[in-house]
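Q: Return atomic coordinates for the entry below.
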Amino acid sequence: MQQAWILRYGELGLKSRIVRRQFQRALSNNMVNLAKKYQVSLVQDRIKSMEVVTSNSPPEDVENLLCHVLGVVAIDPAKVISDVIDPSKVAKAILENDNLRGQKRTFGVRTKRVGPKGSYSSQGYSGEIGRCMCEQDETLSVNLSNPDIWVRLVLEPERVWLLEERIIAAGGLPPGVQGDVLCRVSDEESLLSTFLIMRRGSRIIPVEGCDEQLLQILQDWDPFLGRTTAILDLHGKVKKRHPWGVVGISVEEGESMIQRPESDVKTVPLSTLEPLCGWTESEVEALSKHIRMPSKNLCMPNLDAWVS
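A: Modelled structure (predicted):
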């Protein structure tokens, strides 16, 4: 069976079509370059509107990589469970992959149909799959409120995907889509503050005095860390994009590093960014674990102060 991972987006999917495409290109570029850094093979594909990656690398390596891709909210490991859509055959394949077969348990089925409607609606197909599963395994019973197992399927016109347990990723926006921020990463607090700014789509520009080991942690999230972004001016020429904020340094120190041309019209002063304000000790501790091993640690387990 083909192993794949379906990428789920959050706020990125709420942008206008033009902006969304721009952000998706940035996310894809970051992901491809992170894959080179992690030495993981990736092939990008689509199932209609869904972004999919496949790989022949070890699944744990792929999932660790994908959890480092900012802009991805969740990852659904998936595999083609049947090359036909007949409910009876699909139900049989699902049960063959069930390690609890023969034990009493409740279940529910959720189906996302992609492509032309064909013979089934999403709800109708879920009902047929549930009926066939109950006929083939008498220990099963349906519970659509709080089942022991959710069977999640993606129905294409000629094949069916089975989705495995969802993996929660970091979310946010891909670095580089929201301008640059000057940062001095010298301790744990500045590291976490910088990461939160990076998670909001900013490209981090380290300044003198950074701790190289802490910068390496951030480079695991952004392969282009330190590379200034650019924009097109009114004449279509590439123009350097000046930073808009600072972390770990004063505004005055930041301004002295920018070297704005006299011809530039300065409309917005640098902003001092302190994203950890209001966070509790337990939330900061959870973030510290997450930034180092996101596939094992949620960024905000309790979501008390997490603002996307």
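Q: need the helices for the stretch 51-200 of the chain, in chain order.
A: In the stretch 51-200 of the chain, the helices defined using DSSP state H, counting those that start in this stretch lie at 59-66, 87-96, 122-136, 188-199.
Q: In a markdown table: the ones you listed, plus mean neighbour count, distance to I167 and mean pLDDT.
A: Where you see a C-beta, it was placed from the backbone N, CA and C, and this is true even at glycine. As requested, those are arranged in a markdown table below (neighbours: other CB atoms under 10 Å; distance: least, CB to CB, whole Å; pLDDT from 0 to 100):
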| stretch | mean neighbour count | distance to I167 | mean pLDDT |
| --- | --- | --- | --- |
| helix 59-66 | 18 | 6 | 95 |
| helix 87-96 | 18 | 20 | 96 |
| helix 122-136 | 18 | 23 | 95 |
| helix 188-199 | 22 | 17 | 97 |
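Q: Would you enumerate the residues in contact with the closest residue in space to K48 that isn't next to it in sequence?
A: Nearest residue to K48 in three dimensions, chain neighbours excluded: V114, at 4.1 Å (CB to CB, 6 or more residues apart in numbering). Listed by CB atoms under 8 Å, 6 or more residues apart in numbering, the contact set of V114 reads I47, K48, S49, M50, V154, L155, E156.
Q: Could you count how many residues lie near L100?
A: Applying other CB atoms under 10 Å, we find 14 residues neighbouring L100.
Q: so how far is V142 from the closest residue to it other than its chain neighbours?
A: In space, and not counting its chain neighbours, L100 is closest to I149: 7.5 Å by CB to CB, 6+ apart. With distances taken as CB to CB, to the nearest Å, I149 is found 11 Å from V142.
Q: again, but for L14
A: Distance, L14 to V142, by CB to CB: 34 Å.
Q: Could you do K239 as well?
A: K239 is 60 Å from V142, where distance means CB to CB.
Q: Equivalent analysis for V114, please.
A: V114 sits 24 Å away from V142, taking CB to CB as the criterion.
Q: what about M257, how many neighbours?
A: For M257, using other CB under 10 Å, the count is 14.
Q: List the pairing partners of the lowest-mean-pLDDT helix or strand in the chain within its sheet, with orientation.
A: When each helix and strand of the chain is scored by mean pLDDT, DSSP states H and E, strand 230-232 comes last, with a mean of 74. Paired strands of strand 230-232, with direction, are strand 238-240 (antiparallel) (DSSP bridges).
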